[in-house]
Each structure stands twice: as C-alpha cells, then as structure tokens.
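Student: need a structure here:
(one chain, ligands or ions: 1)
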Amino acid sequence: MRILTSYHHHTGKLSAPMKLAVISDVHNDAYEDLFPMIEGADVLLVPGDIANRYTQSCDRGLDFLRDASKRLPTFFSVGNHETRSKEYRKLISQIEQTGAEVLINRYVRFEEIWLGGWYEPDIVRVDDMLDEFEALEGCKVLMCHKPDQYMKKMRDLDLDLVVAGHAHGGQVRILNRGIYSPDQGLFPKYTRGVIDDRLIVSAGVSNPNHLPRWGNPCEVLMITLD
Ligand SMILES: [Fe+2]
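Tutor: Okay, here's the model as predicted:
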C-alpha cells in the first residue's frame, strides 16, 4: 500500500506557494499508481534509489523517470542503489536521457527556488557544492538521499528544506519508531517525518529487501512550500 503524506513548509521567501511531490526509493518497482497521487504538483523530486542494487536492475526505474518527465518537471539525485550499480557511469548516462534533470552535487534555478542534489563527493567523484549552495540568496531546497548525511554535514548550514529517503521508514515500525535502517542500524533515529523543522524524510515507495515492511506503509510526499 502506498499513502500520500502531505506537509506544509513555510519559508516566507516565495511569492506564491509551490507544490513539491517527492518520490523516493522506487527500487525498480511498479510505479504507474504513483502518478494519480501527485496530480497538481508543480515539480517532482526524486532523491535517489530508482535502481535495485540487489538485482542490479533499473529498467522500470528509468521508465518511471521517462514517464514522470513527460508529465511535470522532474529532478533526480542519486542514492546508494545507483552508486552501487556495477555500471554506474552507464546508468547515470541512461538516467540523463530520460528527460529528468540529474543533480549530482550541482544545483539549478527552478522558478523561485534553488534546487540542488547532493551525494558523498568521494563516492560520486563530483566536487562538493554545499558551500556554494549555502551562499546562494533565496529559497534553497536540497535533495540528499541519506538522512544520516544531513545530520553529519548539513545541520548547521543555512538551507530552507532538505528532502531525503533511504531509511525505508525503519522497515518495521512499532510505537511510531523504526526498527532498522541502512547506515543507521538498529533503532534508527531518522526514518520518516520532519527533523530540525526542515529535513523531511520519506519512508519510500517500495521495499527492495526480503524483510517485510510492517506498520510502515510506503509513501509519496506532497510538500506545499511557501
Ligand atoms: Fe532505498
């Protein structure tokens, strides 16, 4: 089951509200039912993991970006399932041909916001851009696949909104808390919802693991930014 979770995030920097849909962690899964959920969005952010590294597949993930880009402006930043692809460079060039704008340690202007995508520079081998991004004037929205990286690198930075995925809601949720997530291990702290009033973590739209999700529906986010 996939649910739609809505947030309102106020910055005071926009002349009109903007609706940001966020679809994270597709993991090469079926995606057709996602589009009705994001109707009315001004832009789609995909903060990583369209691929499935366990099966080394991304054909449906690429189709998803292709179909999405035909419907609305679509921006993608990488996740660990892309960087762990055996043919990472080839995969990135395939993603670049879908029509989605690929943001790997770079940013662009989109209407009234600065929109960036960040991943660990030593892994993607693209220079860091966080200092430059932070120094921009205006509303800064950043995609960062891993919430734990936000805690390490971005907590003290002047940013307006960061969107993340990766933690899959903590896989099994009990008493509104996840049990396990990659990189954070057992009883992770940052698995879904709002942290620091400006990091919004999606529980992701699919499950690439053999472990079941429990008490933890897959989710699409709709963030009204104003
Ligand atoms: Fe993921």
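
Student: Buried residues of stretch 81-94, list them for me.
Tutor: His81, Glu82, Thr83, Ser85, Tyr88, Leu91, Ile92, Gln94 (16 or more other Cβ atoms under 10 Å). Using the backbone N, CA and C atoms, a C-beta is placed for each residue, glycine as well.

Student: Would you reformat those residues as TSV and include pLDDT, distance to the ion and secondary structure?
Tutor: Output for these, formatted as TSV (pLDDT from 0 to 100; distance: Cβ to the ion, whole Å; DSSP: H, G, I helix; E, B strand; the rest coil):
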residue	pLDDT	distance to the ion	secondary structure
His81	98	6	helix
Glu82	98	10	helix
Thr83	98	12	helix
Ser85	97	13	coil
Tyr88	98	16	helix
Leu91	98	15	helix
Ile92	98	17	helix
Gln94	98	19	helix
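
Student: and the residues you listed as CSV, adding distance to Ser6?
Tutor: Formatted as CSV, these follow (distance: Cβ to Cβ, whole Å):
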residue, distance to Ser6
His81, 26
Glu82, 28
Thr83, 30
Ser85, 32
Tyr88, 34
Leu91, 32
Ile92, 31
Gln94, 32
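
Student: how many other residues sit next to the closest residue to Asp33 other than its chain neighbours?
Tutor: Excluding the flanking residues, the one nearest Asp33 by Cβ to Cβ, 6 or more residues apart in numbering is Arg2, at 6.6 Å. By other Cβ atoms under 10 Å, the residues close to Arg2 number 17.

Student: wouldn't Arg2 be in contact with Glu32 here?
Tutor: No - the pair Arg2 / Glu32 is not scored as a contact, 11.2 Å apart, by Cβ atoms under 8 Å.

Student: quick one on the thing from earlier: closest one to Gly204 out of the buried residues of stretch 81-94, please.
Tutor: Of all the buried residues of stretch 81-94, His81 has the smallest distance to Gly204: 10.9 Å, by Cβ to Cβ.

Student: How about the contacts made by the closest one?
Tutor: His27, Gly48, Asp49, Ile50, Ala51, Asn52, Arg53, Pro208 (Cβ atoms under 8 Å, 6 or more residues apart in numbering).

Student: Narrow those residues to those that are buried.
Tutor: Among the contacts of His81, those buried by neighbour count (16+ other Cβ under 10 Å) are His27, Gly48, Asp49, Ile50, Ala51, Asn52, Arg53, Pro208.

Student: Got the phi and psi for the nearest residue to the last one once chain neighbours are set aside?
Tutor: Spatial nearest neighbour of Pro208, chain neighbours left out: His27 (4.0 Å); criterion: Cβ to Cβ, 6+ apart. Phi and psi for His27, reported as degrees, to the nearest 10, are phi 50, psi 40.

Student: what's the distance between His27 and the ion?
Tutor: His27 sits 6 Å away from the ion, going by Cβ to the ion, to the nearest Å.

Student: Quick check, that residue in contact with Ser206.
Tutor: Yes - if you go by Cβ under 8 Å, His27 and Ser206 touch, sitting 4.6 Å apart.

Student: contact partners of the lengthiest helix in the chain?
Tutor: If you go by DSSP state H, the chain has its longest helix at helix 59-71. Outside helix 59-71, the residues within contact range by Cβ under 8 Å, 6+ apart are 23, 26-31, 34-35, 44, 46, 50-52, 74, 76, 94-95, 98-100.

Student: Just the buried residues of those.
Tutor: Among these, those classed as buried by 16+ other Cβ under 10 Å are 23, 26-29, 31, 34-35, 44, 46, 50-52, 74, 76, 94-95, 98, 100.
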